[in-house]
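# 3D model of this:
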Amino acid sequence: MTAPTAGLRQDGAPDVPPLVSAEWLDEHRDDVVLLEVDEESSRYYEGHISGAYPVDWLDDLHHPVQRSFVDAEAFGRLMSRVGVGNECHVVLYGDAANYFAASAYWLFRYYGHQRVSLLDGGRRWWLLQGRELTEEPSTRRARPPYVVGAGNPHFRATRDEILSRYVGAPPGTAVLDCRSTEEYDGKVVEMVDLPVERHRVAGHIPGAVHLSTSQLVDQATGRLLPTEELRRLYADRGVRPGIDVVVYCRVAERSSLLWFALHEVLHHPQVRNYDGGWAEYGSLMDVPIER
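Now for the predicted structure:
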């Protein structure tokens with residue numbers, strides 16, 4: 001997929017493309033900080049793109065005690081540890097169709113880091129092109145302490161906002177559930193035993209329409225579909241100019257790619273990621289659920 005043309009994005013982010021190709025990375029390797037974020041964190045140590053540093057999606061990006069992403073202070077410490085400064089252009093990639101890398105991307109943007117991109121196709125497309133991986137460790141560059149901004153409320157939906165503004169998809173809103181069809185229909189409950197995944201009820205938020213994240217990605221290459229195909233997928237589900245959109249999955253890894261495609265690539269200005277996801281909503285008492 002061709003990266004969007006340069007220029008100031010609608011949300012005021014600087015002039016860096018949200019989606020970059022492997023060829024682009026080859027040309028700009030010395031100008032970026034490259035981070036790998038995988039579903040299986042051991043993959044990095046089996047081989048990674050030269051110069052990349054590992055970020056563990058669960059251990060590095062989630063709170064060690066409560067069920068949430070890391071707070072601003074911990075995010076700042078992580079950035080300093082992996083050699084990211086406030087002005088750095090960060091490029092993220094990973095396995096699993098970049099779902100977990102997209103989750104990290106969303107967190108970067110939530111905490112105000114503007115110069116960040118996603119490597120199209122991630123690890124899969126890199127290897128399919130015959131490109132090499134290395135097991136050599138990368139050297140981190142020392143930088144000044146990272147300064148974290150306040151979380152951007154326009155990027156995140158809380159459970160209270162879901163209940164007050166989005167349940168039932170009132171006029172002017174759209175709720176997109178990007179889990180599998182079986183999860184959406186309430187026919188299966190994901191039983192992965194992670195602290196951020198535990199829930200007990202199956203179904204979906206009333207008014208939510210289904211758009212599986214897998215539909216956004218070419219299954220052979222792991223790359224995002226062309227822009228016009230993405231636009232059609234969202235339009236077919238009622239997303240048009242002026243609509244306030246919230247997206248969710250279980251724990252915000254798949255929904256982050258949905259958010260990325262709609263907000264960063266298609267430039268829809270009103271998109272929130274419900275990071276509590278079905279792991280939270282499906283565990284709440286006395287909330288409406290559809291199957």
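
# pLDDT score assigned to Leu8?
Per-residue pLDDT puts Leu8 at 36.

# Okay, and the beta partners of the spatially closest residue to Arg165 that is not a sequence neighbour?
Using Cβ to Cβ, 6 or more residues apart in numbering and skipping residues adjacent in sequence, the residue nearest Arg165 is Thr173, 6.8 Å away. All C-beta atoms are positioned from the backbone trio N, CA, C, and that covers glycine. Beta-bridge pairing of Thr173 under DSSP bridges involves Asp244.

# Contacts only, for Thr173.
Applying Cβ atoms under 8 Å, 6 or more residues apart in numbering to Thr173 gives the contacts Arg165, Tyr166, Ile243, Asp244, Val245, Val246.

# where does it sit relative to Ile205, distance-wise?
Look at Thr173 and Ile205: by Cβ to Cβ, to the nearest Å, they are 11 Å apart.

# Where does pLDDT dip in the stretch 1-150 of the chain?
Along the stretch 1-150 of the chain, the parts satisfying pLDDT under 70 run over 1-14.

# ok, the residue lying closest to Arg159 once chain neighbours are set aside - how many residues close by?
Counting by Cβ to Cβ, 6+ apart, Arg159 lies nearest to Gly276, which is 5.3 Å off, once chain neighbours are set aside. Neighbours of Gly276 under the rule other Cβ atoms under 10 Å: 23.

# With Pro17 instead?
Using other Cβ under 10 Å, Pro17 has 21 other residues around it.

# doesn't Ser117 make contact with it?
Yes - the pair Pro17 / Ser117 is scored as a contact, 5.9 Å apart, by Cβ atoms under 8 Å.

# OK, contacts around Ser212?
Cys178, Arg179, Ser180, Thr181.

# go again using 7 Å as the cut-off
Under the criterion of Cβ atoms under 7 Å, 6 or more residues apart in numbering, the contact list for Ser212 reads Cys178, Ser180, Thr181.

# Of those, keep whichever come out buried.
Buried residues within the contacts of Ser212, defined by neighbour count using 16 or more other Cβ atoms under 10 Å: Cys178, Ser180.

# okay, the contacts of Ser212 in JSON lines with distance to Val148 next?
Compiled in JSON lines, those are given as follows (distance: Cβ to Cβ, whole Å):
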{"residue": "Cys178", "distance to Val148": "28"}
{"residue": "Ser180", "distance to Val148": "34"}
{"residue": "Thr181", "distance to Val148": "38"}
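
# mind giving me a markdown table with the contacts of Ser212 and columns for distance to Glu264, pLDDT and secondary structure?
Below are those laid out as a markdown table (distance: Cβ to Cβ, whole Å; pLDDT from 0 to 100; DSSP: H, G, I helix; E, B strand; the rest coil):
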| residue | distance to Glu264 | pLDDT | secondary structure |
| --- | --- | --- | --- |
| Cys178 | 16 | 98 | coil |
| Ser180 | 24 | 94 | coil |
| Thr181 | 26 | 94 | helix |
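
# export the helix of greatest length in the chain as CSV, just CAs?
Counting by DSSP state H, the longest helix found in the chain is helix 99-110. Taking Å, rounded to 0.1, in the frame of the first residue of the first chain, the C-alpha atoms of helix 99-110 are listed here in CSV:
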residue,chain,number,x,y,z
TYR,A,99,-2.0,-6.0,15.7
PHE,A,100,0.2,-5.6,18.7
ALA,A,101,2.5,-3.0,17.0
ALA,A,102,-0.7,-1.0,16.2
SER,A,103,-1.7,-1.2,19.8
ALA,A,104,1.7,0.3,20.7
TYR,A,105,1.2,2.9,18.0
TRP,A,106,-2.1,3.9,19.5
LEU,A,107,-0.5,4.2,23.0
PHE,A,108,2.3,6.4,21.5
ARG,A,109,-0.3,8.7,20.0
TYR,A,110,-2.5,8.7,23.1
